[in-house]
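*Asks:* Predicted model and sequence below, questions to follow.
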Amino acid sequence: MGKISESNVSDSLREVRMALLDADVNFKVAKQFIEDVKEKAIGQKVIQSIHPGQQVIKIINDALVELLGSTHASLEIDPKPSSIMMVGLHGAGKTTSSGKLAKWLTKQGRKPMLVAADVYRPAAMDQLETLGKQLEIPTLVCRAEKDVLVIAQKAQSHAAEQGCDVLIYDTAGRLQIDEVLVEELVQLKNKISPQEILLVLDAATGQEAVNVASHFDEALSISGSILTKLDGDARGGAALSMKSVTQKPIKFAGAGEKLEDFEPFHPERMATRILGMGDVVSLVEKAAENVDVDEAKKLEEKMRKGVFTLDDFLDQLRQMKRMGPLESIVKMLPGGSDMIGGADLSKQEKEFRRMEAMICAMTPQERQRPQILNGRRRQRIANGSGVRVAELNNLLQRFGQMQKMMRKMGKMQKMMGKMGGKMAGKMANRLGGGLRLPR
């Protein structure tokens, strides 16, 4: 059994350093991390049958997970009425995250109330009020009041009347941190004594994440953070930078504009994402949430019979849409970012929408039997869905090819089913040198 040498480590760390910088991890944080990993790795015994480079990557991944927090950090709120302050720069996603957090708390059996504590931006109040109505969650909006401490006093009385046990304060933000903002937040903190002060940080903040996190933590002693907009190009380097500087846990992650796109933060998944290794676990979970199991079984049965209609195709398109933007789905796959390069997948999404429009413009009979689509019918469908007849012809041609493939798969499955017993015995004899399967 050998040991990991400096030469084993150098190549792997060079690639990891580039991956960290590509993920927009603060360069000082990246440098310190690489030095720490190098010190841990050199001299460590190599497990038999594992290449030293592979073991170095495991050490790096484990170190990243440890730095990001090892396990999910839960909210520290009491059963009694609690307060949560949402803080951060303007545009980071505080208001949307407040609504998402309220919805998540409702699922946990709590009764939250949203409080519009941004007295400078009327649009933020309107947005929070809209979210409250959408979620059917009590929301306090005092448009005429400019003193945030008075709003806090009203919020506590309002919450008691409504029987709410968690108050979520959507506070003001700035394009950059200034003394007026900090002073107001400190006063609010002293007034409400919040159990949680969550820094809402845009995943694309990049190198600046260190400065933003440091300022808010020094002024307010934040309890944790929420990382937003992970559905974009950002690979989450801000998470590593923020956690490294403040030593405060990342508690939630937002990966889309929908209120459902919000989940507890998982360090191990973020580690693989930062290293460019994708996030297959989240992809599987997303599929499980959005794909109807019964419908999937029905589709499988249709495939066995070699039957696949335009209605089935439409269902598949809609299930894929529910999973979110195509680009964010592909990036969850290992090497997904490299796979798409600079490609604009929004064009493919537009094509999916056009396909959906064409199928929806057909009658139920036409979807079941596309062979009846003559020239007059095709012109009607094209006009109804806003496309050219050539586009519709292309869709029907591709669908026809897909039908043929499904029929072949169905026949193959039937054939394999009939031959299964005999084939298994023959393969066992060949592979095992005469070894028979146990009865």
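*Replies:* Arrived safely.

*Asks:* From the domain annotation, what segments belong to each domain of this structure?
*Replies:* Following automatic domain parsing, the chain resolves into domains at 6-68, 82-267, 290-415.

*Asks:* Columns distance to Glu76 on top of the ones you listed, output as TSV?
*Replies:* Yep, even glycine has a C-beta here, placed from its N, CA and C like the rest. Below are these laid out as TSV (distance: least, CB to CB, whole Å):
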stretch	distance to Glu76
domain 6-68	19
domain 82-267	6
domain 290-415	30
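
*Asks:* and those as a markdown table, adding distance to Ser74, mean pLDDT and mean neighbour count?
*Replies:* Converted to a markdown table, these look like this (distance: least, CB to CB, whole Å; pLDDT from 0 to 100; neighbours: other CB atoms under 10 Å):
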| stretch | distance to Ser74 | mean pLDDT | mean neighbour count |
| --- | --- | --- | --- |
| domain 6-68 | 15 | 72 | 17 |
| domain 82-267 | 7 | 89 | 20 |
| domain 290-415 | 24 | 75 | 15 |
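
*Asks:* So for Leu75, which of those sits nearest?
*Replies:* domain 82-267 (5.8 Å; CB to CB).

*Asks:* Start and end of the closest one, how far apart?
*Replies:* 26 Å (CA to CA, to the nearest Å).

*Asks:* quick one: secondary structure of the closest residue to Asp147 other than its chain neighbours?
*Replies:* Computed as CB to CB, 6 or more residues apart in numbering, the closest residue to Asp147 that is not its neighbour in sequence is Val119, at 7.5 Å. Taken by DSSP: H, G, I helix; E, B strand; the rest coil, the conformation at Val119 corresponds to coil.

*Asks:* hang on, Val119 packs against Lys146?
*Replies:* Yes. Counting by CB atoms under 8 Å, Val119 does reach Lys146; the two are 5.0 Å apart.

*Asks:* can you give me the helices in the stretch 51-200 of the chain?
*Replies:* 52-68, 94-107, 122-135, 148-162, 179-192 (DSSP state H, counting those that start in this stretch).

*Asks:* can I get those helices in JSON lines with distance to Val212?
*Replies:* Output for those, formatted as JSON lines (distance: least, CB to CB, whole Å):
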{"stretch": "helix 52-68", "distance to Val212": "18"}
{"stretch": "helix 94-107", "distance to Val212": "13"}
{"stretch": "helix 122-135", "distance to Val212": "19"}
{"stretch": "helix 148-162", "distance to Val212": "21"}
{"stretch": "helix 179-192", "distance to Val212": "12"}
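
*Asks:* Any chance of the backbone angles for the most centrally placed residue in the chain?
*Replies:* Closest residue to the average C-alpha location of the chain: Ala255 at 3.7 Å, with CA atoms, centre = their mean. When quoted as degrees, to the nearest 10, the phi and psi of Ala255 stand at phi -130, psi 40.

*Asks:* do you know how far it is from Leu310?
*Replies:* 31 Å (CB to CB, to the nearest Å).

*Asks:* cool, and Asn190?
*Replies:* Taken as CB to CB, the span from Asn190 to Leu310 is 63 Å.

*Asks:* Likewise for Asp118?
*Replies:* 48 Å.

*Asks:* Glu349 too?
*Replies:* 20 Å.

*Asks:* swap in Val119?
*Replies:* From Val119 over to Leu310 the distance is 54 Å, taken as CB to CB.

*Asks:* Repeat that for Glu351.
*Replies:* From Glu351 to Leu310 the distance is 16 Å (CB to CB).

*Asks:* mind listing the strands in the chain by residue range?
*Replies:* Counting by DSSP state E, the chain has strands at residues 82-87, 112-117, 139-140, 166-171, 196-202, 224-228, 250-254, 262-264.

*Asks:* So for Met402, which of those sits nearest?
*Replies:* Closest among those, using CB to CB: strand 262-264, at 33.6 Å.

*Asks:* My guess is the residue nearest to the centre of the chain contacts Ile226. True?
*Replies:* No. With contact defined as CB under 8 Å, Ala255 does not reach Ile226; the gap is 11.5 Å.

*Asks:* okay, the strands of the chain in TSV with distance to Arg17 next?
*Replies:* As requested, the strands of the chain are arranged in TSV below (distance: least, CB to CB, whole Å):
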stretch	distance to Arg17
strand 82-87	32
strand 112-117	41
strand 139-140	46
strand 166-171	37
strand 196-202	23
strand 224-228	22
strand 250-254	22
strand 262-264	29
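
*Asks:* Please identify which of these is closest to Ala238.
*Replies:* Closest to Ala238 of the strands of the chain is strand 196-202 (CB to CB; 5.7 Å).

*Asks:* ok, the closest one: who's next to it in the sheet?
*Replies:* strand 82-87 (parallel), strand 224-228 (parallel) (DSSP bridges).
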